[in-house]
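Novice: Attaching a predicted model along with its sequence, questions to come.
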Amino acid sequence: MSVLQAIKSQNQARELEDRRLQLRRRNLLVLILRHLCDQGYVQALEKLCTEANLSLAKVDAADNIDLLTIMQEYEDFYEFKFGRRPKLVRSVGAEEVMAPSVKTVLGQRNASESSTRPPGKPVSGAMAARERREKAAAGQLDRKSEAAARRKAAMDSVKLPPEVGAQRVAGVTVSSEGRAAACHDAMSVSGRPLSSTTASTAGVPDGQDGAEQAGLLHGRLLKPLPDLGSSELRELGAAIMRDIIQQSPAVRWQDVAGLQEAKRLLQEAVVLPLKYPQLFTGILAPWKGVLLYGPPGTGKTLLARAVASECQTTFFNISASTIVSKYRGDSEKLVRVLFDLARYHEPSTIFLDECDAVMGARGEGGEHEASRRMKTELLTQMDGLQQSGARIFVLAATNLPWQLDAALLRRLEKRIFVPLPECTARQQMLEVLLGARCQPAISLADLAEGTAGFSGCDVACLAKEAAMRPLRRLMAQLEVVPPSSTAEPSVDQISQTDLQAALEATKPTAHVHKSKYEQFTSQYGQPGA
Ligand SMILES: Nc1ncnc2c1ncn2[C@@H]1O[C@H](COP(=O)(O)OP(=O)(O)OP(=O)(O)O)[C@@H](O)[C@H]1O
């Protein structure tokens, strides 16, 4: 073969390879569009259509193909070949997030291009890919920058022309208009199948990456906002979606000092029925509503956060202000949408913090009609939970349980008193907060004994005050030290005098209403110490 012919056939091979690459990228985008549509991510779908200049009305995935099937087949193939499930995603450090890496790659590429490419000539995705392959072959790119460059190339490919044709291309075919439109219809709250994978149902791959993968699955993969009917309800739904805790709050049971009985009861009421549903049937059907009550700052919210971390349910963190202030006239609708969304995202936990603010006794003090309607709606919705098998659990918290509407109390079947911490719990908190900062000879047991009547929050304030004192001394020193001094500033350890002074400066805040709590507990409650 002549030299010219060789060059020509090399060129043709390269062009063919570039065309295949472009097609593969386009097909991938179409499969992503189809996936977004099937899963109901309407906003993302619209944005990607615009950005990639593609439309499912013109080109769609072939009937027998979708991303989930491809993933599954790849996993099966990988397992068959290598004897273990593939690792598909990894956690990403803060410094590695998408935006900066894209910027960096852009910067690097622009710099390298400017030396080899005529000014003003745009780079094609294929050229960039070729350059990358060449560099990678020459060992110039390490694994990370290659991954970052791949992400950048993916961004480049978004600009590809649609190249819509009537012919079938691998996995992608021209669609009927109806299929794209159908996805919108499929999204009613009641009608939509619960198809998206949730953190709690996704399997964790075996092998040494299992722990990392489990960590990645910790955040909950939320389904998109369903079609709630009107734009007004959609707005309310969007407001509630903002109150869903998506990342696990990472509070473990052992982070809550003391309160063994409260923890046991909550595990029994919420965590175990979700883990072992087959055991909690009939007379053992799980509680639908639990009330945590007790003095302020004793760890009720902390317990709720531990439940959220432990259960992996969709956790609606609803405070009184969410329901009342923003939507005064709409609170009743908001409550309905809240329970609709909880059903849609089940298993769900609805945490109503400061529930006395929204569920005080009805008809007292010239109550507004809208507030009455909202309370009635909440009660109706909770009744619905008792009757349905929906895996929705209402966790309410209050400092003033005696002010709650009697009908709500009845629906919150389990009422757990969260008392002031005992001496051992106070000591445990002090050890965690101050242990490493105190002089070695100091006994925190003595300090714990001196804090009788403190709530957990008071103990935290005391610890902060004690820790501040050495810092204040250091600040005072820094003010007088001349700038030329080479002495290394350091914070002293906390002394007994610091602890004593902090104790004197911190007053307990939670000792009020002691007799009322006792009375309420003897009438309705269950001690949770
Ligand atoms: N049992 C506990 N163990 C560890 N920390 C606690 C405990 N109780 C309270 N705290 C500390 O006090 C802070 C406030 O607690 P939390 O918000 O849970 O109290 P609360 O009972 O919900 O108060 P309120 O009724 O006023 O809303 C917590 O962030 C934590 O630092």
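Specialist: Now that the structure is in, tell me what you want to look at. Residues are numbered from 1 along each chain as shown.

Novice: which stretches of the stretch 151-300 of the chain have low pLDDT?
Specialist: Across the stretch 151-300 of the chain, the stretches falling below the confidence threshold (pLDDT under 70) are 151-228, 245-249.

Novice: Around Arg20, how many other residues sit close by?
Specialist: When neighbours are defined as other C-beta atoms under 10 Å, Arg20 has 12 of them. C-beta here means a position set from N, CA and C on the backbone, and glycine is covered the same way.

Novice: meant to ask about Ser443, not that
Specialist: By other C-beta under 10 Å, the residues close to Ser443 number 12.

Novice: and if you look at Phe82?
Specialist: The burial metric for Phe82, expressed as a neighbour count using other C-beta under 10 Å, is 10.

Novice: wait, Leu503 sits on Glu449?
Specialist: No - Leu503 sits out of contact with Glu449 when judged by C-beta atoms under 8 Å, with a separation of 10.7 Å.

Novice: Between the two, tell me which one has more neighbours.
Specialist: Looking at Leu503 and Glu449 with other C-beta under 10 Å, you find the greater number of neighbours at Leu503, namely 16 against 12.

Novice: quick one: contacts for that one?
Specialist: When the contact criterion is C-beta atoms under 8 Å, 6 or more residues apart in numbering, the partners of Leu503 are Leu447, Gly450, Thr451, Leu462.

Novice: For the closest residue to the ligand within the chain, give its distance to Asn317.
Specialist: Distances from the chain to the ligand, computed as C-beta to the nearest ligand atom, single out Gly456 as the nearest residue at 2.1 Å. When C-beta to C-beta, to the nearest Å is applied, the distance between Gly456 and Asn317 equals 19 Å.

Novice: same check, this time on Asp498
Specialist: As judged by C-beta to C-beta, Asp498 and Asn317 stand 36 Å apart.

Novice: Looking only at neighbour counts, state which of these two leads.
Specialist: Neighbours per residue, other C-beta under 10 Å: of Asp498 and Asn317, the larger number sits with Asp498, 24 against 19.

Novice: Leaving out sequence neighbours, find the closest residue to that one.
Specialist: Leaving out its chain neighbours, the residue that sits closest to Asp498 by C-beta to C-beta, 6 or more residues apart in numbering is Arg469, at 4.3 Å.

Novice: name the element that neighbour belongs to?
Specialist: According to DSSP states H and E, Arg469 maps onto helix 456-480.

Novice: Buried ones in that helix, by neighbour count?
Specialist: Neighbour counts over helix 456-480 (16 or more other C-beta atoms under 10 Å) mark 456-463, 465-467, 469-470 as buried.

Novice: so what secondary structure elements neighbour that helix?
Specialist: Packing contacts for helix 456-480, counted by 3 or more C-beta pairs under 8 Å, 6 or more residues apart in numbering; DSSP states H and E, involve helix 423-434, helix 496-505.

Novice: Averaging pLDDT per element, find the lowest-scoring helix or strand in this structure.
Specialist: Taking mean pLDDT, DSSP states H and E as the measure, the chain has helix 177-185 as its least confident helix or strand, at a mean of 38.
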